[in-house]
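Undergrad: The sequence and its predicted three-dimensional model are supplied below.
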Amino acid sequence: MASARVVQRSLLARIADPRLKVYVVWGPMLGPETEADARAATPFVPDGRATHFWTSAHTLAEQLRAPAGLTDELAWDTFLLFAPGVRWGDAPPTPSRVLHVDKRLPAEQRFNGEKLAAEARRLLTLDGSTR
């Protein structure tokens, strides 16, 4: 939930652009977490541009593994940023930027609010046809 607070405080509260969309996927990554736990956590990201999802399986975290550059870890506590105009098909597209919490990815990709906001601002300046 700490990361969710950072997303709200550093990204959504500071960037008013209505094109900015955040998809928060809650799931049982740390043990017996439930949908009720996820519902209780959604107030940490109350912005209307955020959409919350609950999954009881690791399917999405598995599908995002390769696009996020992970080999043997699931993509949870992983933040994928996509440029305007990127479309999802049968498989997730490669993100423009990946930030992570404690993954075996480069240290410069370590998640923090300043990096997240700076990258979102940069991507929002791109033309919508950019992939």
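TA: It's in.
Undergrad: What's the local residue count around K103?
TA: 20 (other Cβ atoms under 10 Å). Backbone N, C-alpha and C define where each C-beta goes, glycine included.
Undergrad: how far away is it from D47?
TA: K103 is 25 Å from D47, where distance means Cβ to Cβ, to the nearest Å.
Undergrad: and if you look at E73?
TA: E73 is 28 Å from D47, by Cβ to Cβ.
Undergrad: the more surrounded of these two?
TA: E73 (16 against 13).
Undergrad: what about the more buried one, distance to A120?
TA: On the measure of Cβ to Cβ, E73 and A120 end up 24 Å apart.
Undergrad: Okay, strands next: where are they in the protein?
TA: 22-26, 50-54, 78-81, 97-100 (DSSP state E).
Undergrad: Columns distance to R87 on top of those, output as JSON lines?
TA: Below are the strands of the chain laid out as JSON lines (distance: least, Cβ to Cβ, whole Å):
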{"stretch": "strand 22-26", "distance to R87": "15"}
{"stretch": "strand 50-54", "distance to R87": "17"}
{"stretch": "strand 78-81", "distance to R87": "14"}
{"stretch": "strand 97-100", "distance to R87": "17"}
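Undergrad: I'm done for today, thanks for sticking with me.
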